[in-house]
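Asks: how would this look folded up:
(chains A and B, ligands or ions: 2)
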Amino acid sequence: MLIYTLVGAGLALLLGLANSSMRRLMIAGSVGLIITFFTLPFGQVSGFLSRETVRPTLFGFLPIYPLFSLILVAALLSLAISLRGRRIGGTASLTAGLTTLILALSWAERPTSLASLLPLYGLMEAVTGIAATAIIVGISWGIPRARLPGLLIGIALGTTIFFGLTSNSGQAIFPKTPGYYKLLTSTPSGTETSIIESYNSGLEELNRQRRSIGLNLLEPITTITGLEGQRIPREAAEAGFRLVEPNRTAYGTTVTFLLIGLMVGGGLMAIWRPRLQDRADLSTGTLLAIIICTLTPAFAATNFSFNRLVEGWPFLLDFLDRAWPPNVGALQEVASQMLITIEIALVGTFLAAVFAVPLSFLASRNLTFGNPLMRAVFGLTRGFFNLDRGIDTLILALVFVAAVGLGPFAGVLAMAIHSIADLGKVYSESIENVDRGPIEALEAVGASGTNVVRWAILPQVGPLFIAWTLYRFEINFRVSIVLGLVGAGGIGFFIQEKMGTGTYNQMIVAILAIILVVNIIDFASSWLRGRLV
Amino acid sequence: MLSFVIEVNNLSKTFPDGTEALKNVTVTIPDGDFVAIIGLSGAGKSTFLRCLNRLVEPTQGEIRAHGTDVISLRGRALQRYRRTIGFIFQQFNLVTRLSVIENVLSGRLGYHATWRGVLGLYTERDVELARHYIDRVGLNEKEQTRVDQLSGGQQQRVAIARAMTQEPQLILADEPMASLDPRLSDVILGLLKDYNEEHGVTVLVNIHVLELAKRYAKRILAFNKGELVFDGPVEALSDTLEGEIYTGSLEAL
Ligand SMILES: Nc1ncnc2c1ncn2[C@@H]1O[C@H](COP(=O)(O)OP(=O)(O)O)[C@@H](O)[C@H]1O
Ligand SMILES: [Mg+2]
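Replies: Ligands and ions are numbered 1, 2, ... in the order given. Below you'll find the predicted structure:
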């Protein structure tokens, strides 16, 4: 964890040498620490089942480790004083950073212990309600006329959600959700001994079974520390007890150590060069803090790990080693599979265009206003487009593979259906942007509606339609490669097959072919589009 | 040719946003006149012309063109009425990606069944007419040229040829020279004037340059804030009246 502090401090040092504001970093550190204190998980405490694991915040740990309150005090003081900048601000930031560091390290040294969960009723309910209100108000605020109704609806919705969640049926479900705010409190005296006893008493029976299947035997434990790395008994977990192992961290711990680095590094730099400050430090610092506090959970959620990348490196080298030299014998097969991939893209795009052209006229606001029936058709078509655009080709393909079986047909169907909406939308936008003059002129000539479309609109949008269709074909060719992976055939399927059998020297031929063809198609298509428009 | 008298009675137009563009306009235009409509920008000149072929729906009043009640026309009947009126726009309103002849031929669309029009199946006579009027406006060399290759003055001449190819009984021109080099004004107005004299077809032109109006028109209509404030021969337009029309300080006569 200390590495993150070094990263933060190093960053501060570099930025300081580049004459960037240090006060900004100090503010980011303090604000980030305050956010982290209440919202980011600082550790993991386990129960019997893995889903009983709870990740409390620093605030959540406060009842069993009251010294954490000093972190909050330090962060608040540091924020207040570092706003004034200069050496005094730097000193405050440095002191707060070091205080937090000492507390965080001392926490990790604590022995394993037992604690009981205390859900904070009402807090998450209120937060959810306020969030709902804020979303509605935020959306409606842009339109002046919708402000008041938006505010009223937002408040109504927020209150409904709050009372719904705090009602009896809401309370039966909501506090069991993972994100529900929980504090940890110390257990009543005697709990530990009774858990130790219940663990030891069941041990004899357990060991008999373990011996029968050849596992090593478990020792009886004398203190709760003996449970480290294990689970606590089911009854205890159900009664709301959790095992607190301070060396188990969560992403909030990472954020905390990073922020400590910013505060310490920024503070030191500010003491050394006190004039590094800007006017907008408070807002940019807060923004920085928010970015740090949202980006880190995102990295944590994607299991981002440099270690695994380093560990995986030899496999990558092995892959390349076995892939080279490419097996030229696969060329024939690759060419014919590539052809299938191109054909899927061609047919899918063509079918989509055939259906999208008429639909796009129905989805154009300028052609459907006036007549209430046409307006309804407009709404339906647009609704279909938006729904369809939301469903990715790949997902449609999985459905169609299940319906019509493996093979290019499923891919073509999926591609066509998804592309209808995509093309329909851009087509109808082109129609909405046509010059109204020629339309008016042909109306004035006495031409019928169909002829107005034919002679005033089509000549204007025709080249745009073709350009969009070509562009869609470029995209669909790439989609078509991926479709092969879910069984739609073509080059993607070939790659998957060769991957499965480990014949990498054939697979690399396909990859090189893809690179070549993608570039040829993109080049040809953009050249054509350039000539059209 | 049938006489094409236009009778306008109490015509008013209020736009949905509340703008009163025309207020109780009553006027009769005899067949074969060359009429200039003058007035400040925003006086209602364009709205008046557009009401005459129903590009704008009047809110109140009556329009009769050689006896027909124009305001009640719907669908096919409205198309039949419109094909007898050539409308020339300030911005030409051509389909710039199409050739000169395609644009001019589109003036014949009102005369054919929709399917023929969609397929572009014009008759030989249509093509003859189109060629004739392209010639007439001096663009015979440009027949197959795409309109976006032409200058503004040439484009407006294409639009005039399109209107003439309709074989109209009335020509409405909404400031046809306003987007062009002033030196081209005489070309445009000359074409309209000749057509008026040769075919006896009524021409109504919005002109904001009074001097041109006086030179070409027999008769002047003046609008001010939606009201028709002058209707008479050019000679009756006194200097003081002119001044008042162009300062907008005029009350209805
Ligand atoms: N589509 C419209 N919607 C609302 N107001 C309009 C519209 N068209 C014209 N107007 C208004 O009607 C008045 C008359 O306009 P117009 O007939 O174009 O005048 P002119 O051609 O004499 O300059 C103006 O005040 C103009 O702003
Ligand atoms: Mg006008």
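
Asks: And the strands in the stretch 1-150 of chain A?
Replies: In chain order, the stretch 1-150 of chain A shows strands spanning A:45-46, A:113-119, with DSSP state E, counting those that start in this stretch as the criterion.

Asks: Please identify the most buried of the ones you listed.
Replies: Using mean count of other CB atoms under 10 Å in any protein chain shown, the stretch among these with the greatest mean number of neighbours is strand A:45-46 (a mean of 23). C-beta coordinates here come from the backbone N, C-alpha and C atoms, glycine included.

Asks: List the contacts of that strand.
Replies: The set of residues external to strand A:45-46 that reach it, using CB atoms under 8 Å, 6 or more residues apart in numbering or on different chains, is A:52-56, A:115, A:184, A:231-232, A:242-245, A:248.

Asks: before we move on, what about stretch A:58-65?
Replies: Residues lying outside stretch A:58-65 but in contact with it, judged by CB under 8 Å, 6+ apart, are A:36-38, A:42-43, A:68-69, A:71-72, A:107, A:110, A:113, A:115, A:118, A:181-186, A:244, A:252, A:256.

Asks: let's see it at 6 Å
Replies: Surrounding stretch A:58-65, the residues in contact under the criterion CB atoms under 6 Å, 6 or more residues apart in numbering or on different chains are A:37-38, A:42, A:68, A:115, A:183-186.

Asks: Going by neighbour count, list what's buried in stretch A:347-362.
Replies: The neighbour-count criterion (16 or more other CB atoms under 10 Å in any protein chain shown) identifies A:347-349, A:351-353, A:355-357, A:359-362 as the buried residues of stretch A:347-362.

Asks: which among the contacts of stretch A:58-65 end up buried?
Replies: For the contacts of stretch A:58-65, burial is judged from neighbour counts taken by 16+ other CB under 10 Å, and it is met by A:37, A:42, A:68, A:115, A:183-184.

Asks: Which of those residues lies at the shortest distance from chain B?
Replies: Distances from the buried ones among the contacts of stretch A:58-65 to chain B were compared by CB to the nearest CB; the smallest belongs to residue A:37, at 55.4 Å.

Asks: gap between that closest one and residue A:427?
Replies: Computed with CB to CB, to the nearest Å, the distance linking residue A:37 and residue A:427 is 53 Å.

Asks: Just the element for residue A:152, please.
Replies: helix A:147-166 (DSSP states H and E).

Asks: Next secondary structure after that helix?
Replies: Going C-terminal from helix A:147-166, and assigning secondary structure by DSSP H and E, you next hit helix A:168-173.

Asks: Summarise which helices and strands that following helix is packed against.
Replies: Helix A:168-173 sits against no helix or strand, with contacts defined as 3 or more CB pairs under 6 Å, 6 or more residues apart in numbering or on different chains; DSSP states H and E.

Asks: Now do that helix: everything it contacts.
Replies: With CB under 6 Å, 6+ apart as the contact definition, helix A:168-173 has outside contacts at residue A:164.

Asks: try 10 Å
Replies: Residues from elsewhere that reach helix A:168-173 (CB atoms under 10 Å, 6 or more residues apart in numbering or on different chains): A:119, A:121, A:125, A:161-165.

Asks: Type out the ChimeraX command that picks the buried ones from those.
Replies: With 16+ other CB under 10 Å as the criterion, this ChimeraX line picks the buried residues out of these:
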select /A:119,125,161,162,165
